[in-house]
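[1] Sharing a model prediction with you, sequence too.
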Amino acid sequence: MIDFKNVTKEYGKDTAAVKNVSLHISAGEFVTIVGQSGTGKTTLAKLMIAEERPTRGSIVIGGWDITHIRHYEIPVLRRQMGVIYQDFKLLQKKKVFENVAFASEVSGTPSKKIHKIVPQVLKIVGLEKQVDKFPRQLSGGEQQRVAIARSLVHRPKIILADEPTGNLDSINAQDIINLLLKINKFGTTVVLVTHNHDIVNSLRKRVITMDHGMIISDQKHGKYIL
Amino acid sequence: MFFISIIRTIKFALQNFWRNIWLSLVTIIILLLTLIFVSVLSALNLLGDQAIKSVQDKVDIDVFFITDSTSDQLATAKGIIESYPEVKDVTYITTDQALENFKVAHADDEQILASLDELEENPLPASFVIKAKKLNQYDAIIQRLDGESFKELILSRDFQDNAVLINRISQITTRLTQVGIGVSILFAVISFLVVFNTMRIAIYTHREEVGIMRLVGATNWFIRGPFMWESLLYAVLASVLTMALLYPAALVASPYVNAFFEGYTFDFVLFIRSNFWQIFLVQMAVSLGLSMLSSMVAITRYLKV
Ligand SMILES: Nc1ncnc2c1ncn2[C@@H]1O[C@H](COP(=O)(O)OP(=O)(O)O)[C@@H](O)[C@H]1O
Ligand SMILES: [Mg+2]
């Protein structure tokens, strides 16, 4: 599903954020990427959604070589991937329903389909009773669940979560991880970037550890080793 | 799906239009001022041209012939004059016609008509009205006439030189055009900057939405669409408003304009009426050009995709 071959990303001369990374993630996997701050985890995530281009190497997503992806092809890629961030990225002036519907609206989904799919994804994340609330009326965990619901409207093959629990207390964080596990059970590939030891250790899933832009360990049922 | 997206981008554009209604109004007003200025300038230019044409139409040489001249002689003379390369046309006014014209011109004046009736013979001479192709050819025609064999038949010659007047009018219109073009450019630059700034602010207010749109896979044109529609809306509203303001203004002004052109075949209102759509389209093109171009620049600069 995700293939990196000798990928290097340099932001300027001699500042490689990702160095010669090769990795393979199969369809349906739940992968955790860990590492200290500034080791290139976010850069790796950005490379997957073509927000950044690799300086060297090649990247294939779902059989599609996106190394030299064209500008106008990026939206097609983004509709196959759901992306979740630490800061939720919700629109404060829109209600829960509208925030989720927005993702469908702007990619040309007919209204009828939007009204069918939005309640479905809100039900998956357990927010079917909060559709008319504004983000500020929700807890952090609930806001993150809205963001997850939004990432699901395109029925993505891959969910990419970059520190999704960074702003949450441990109970809310565990809720979000459980939700991601549930989505993974439906067959969606999940890539989780985090530096939360407890979560990583309790998951017992594949753990890729990064340091200074390089992969220093890749364990099938890993623990947080740093 | 294509149709849905067009409707949605228009919806987003209208929402933004209302959200920043004051900014939208300022943008429309500056476009409006530009259009009004350019239109008034064009109207003055047109009127200047018409004035020159009217005066030009009035310039001719009247050649009067002695009563002894026969119609054969005059017909020959007419043929000769018509063959001059400078001559556009020659109108032959016979003594009878001259009398007729005179009567018509003094139809209100009983005394003159009565005294005319007392005369046994027609006192009015036959004449030619000669028009040159160009204004500066009259001297050449006069010189030729002086060299002709039918010179002794000529009673008198009347040539009123309006060159001074024409020069003055054309000086004024040229000056007007020069100043006008300068000020028009200034207006265009200002409205370009205002539209640019409005779009910049619109893009800035929507930076979050735009970021999320990109994240969830909205296409580039969908992201840009609302901004393009918005600038289109400015342009259309500005040109419609300009027409709505200028047309009544032209109606009010037209009696004065027409009075100025008394006796000439020019009717300001008729001109505007028969060219309404052309004028409207030109205004639309100007405001669309300005508004779309500057928002395009703003979009490529501030809406990185
Ligand atoms: N846009 C950028 N321009 C320049 N340097 C960057 C940029 N983004 C990240 N970096 C640098 O790349 C390195 C890796 O950053 P990042 O991928 O964000 O790490 P992490 O997500 O693991 O904290 C850091 O040293 C960071 O300063
Ligand atoms: Mg990061």
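    Great, that's in hand. Residues are numbered from 1 along each chain as shown, chains lettered A, B, ... in the order given. Ligands and ions are numbered 1, 2, ... in the order given.
[2] Residue numbers of chain A in contact with ligand 1?
    Residues of chain A found near ligand 1 (C-beta under 6 Å from any ligand atom) are A:11, A:17, A:35, A:37-43. C-betas here are computed from N, CA, C, even on glycine.
[3] confidence score at the residue in the stretch 101-250 of chain B that ligand 1 sits nearest to?
    The minimum distance from the stretch 101-250 of chain B to ligand 1, using C-beta to the nearest ligand atom, falls at B:G211 (15.0 Å). If you check B:G211, the pLDDT there is 93.
[4] In contact with residue 74, which residues?
    In the absence of a named chain, this looks at chain A. A:50, B:217 (C-beta atoms under 8 Å, 6 or more residues apart in numbering or on different chains).
[5] The intended chain is chain B.
    B:L74 neighbours (C-beta under 8 Å, 6+ apart): B:65, B:92, B:126, B:128, B:153.
[6] Look up how far A:N178 lies from the fourth one.
    When C-beta to C-beta, to the nearest Å is the yardstick, B:F128 and A:N178 sit 109 Å from each other.
[7] Neighbour count: the two, which is higher?
    B:F128 (22 against 10; other C-beta atoms under 10 Å in any protein chain shown).
[8] Show me which residues of stretch B:175-190 are buried.
    In terms of neighbour count (16 or more other C-beta atoms under 10 Å in any protein chain shown), stretch B:175-190 has its buried residues at B:177, B:180, B:184, B:187-188.
[9] Likewise for stretch A:41-55?
    Buried, per 16+ other C-beta under 10 Å, within stretch A:41-55: A:41-50, A:52, A:54.
[10] Have a look at chain B and report the helix or strand with the lowest mean pLDDT.
    helix B:110-118 (a mean of 79; mean pLDDT, DSSP states H and E).
[11] one step back: hang on, the residue of the stretch 101-250 of chain B closest to ligand 1 in a strand?
    No: using DSSP: H, G, I helix; E, B strand; the rest coil, the assignment for B:G211 is helix, not a strand.
[12] What is the neighbour count of it?
    So B:G211, with other C-beta under 10 Å, has 12 neighbours.
[13] my guess is it meets A:K89, correct?
    Yes: between B:G211 and A:K89 there is a contact under C-beta atoms under 8 Å: 6.9 Å.
[14] May I have the predicted confidence score for the residue nearest the centre of chain A?
    Most central in chain A under C-alpha atoms, centre = their mean is A:L160, positioned 1.6 Å from the mean C-alpha point. Looking at A:L160, its pLDDT is 97.
[15] Neighbours of whichever residue of the stretch 201-305 of chain B sits closest to ligand 1, how many?
    Residue nearest to ligand 1 within the stretch 201-305 of chain B (C-beta to the nearest ligand atom): B:K304, separated by 13.2 Å. Neighbours of B:K304 under the rule other C-beta under 10 Å: 9.
[16] Show the pLDDT at it.
    Per the predicted model, pLDDT is 76 at B:K304.
[17] same check, this time on B:T265
    Confidence score, pLDDT, at B:T265: 66.
[18] Mind checking what helix or strand follows the least confident helix or strand of chain B in sequence?
    strand B:127-132 (DSSP states H and E).
[19] so where's the chain shaky on pLDDT?
    Picking chain A for this. A:226 (pLDDT under 70).
[20] try again with chain B
    For chain B, the ranges with pLDDT under 70 are B:1, B:161-163, B:262-265, B:305.
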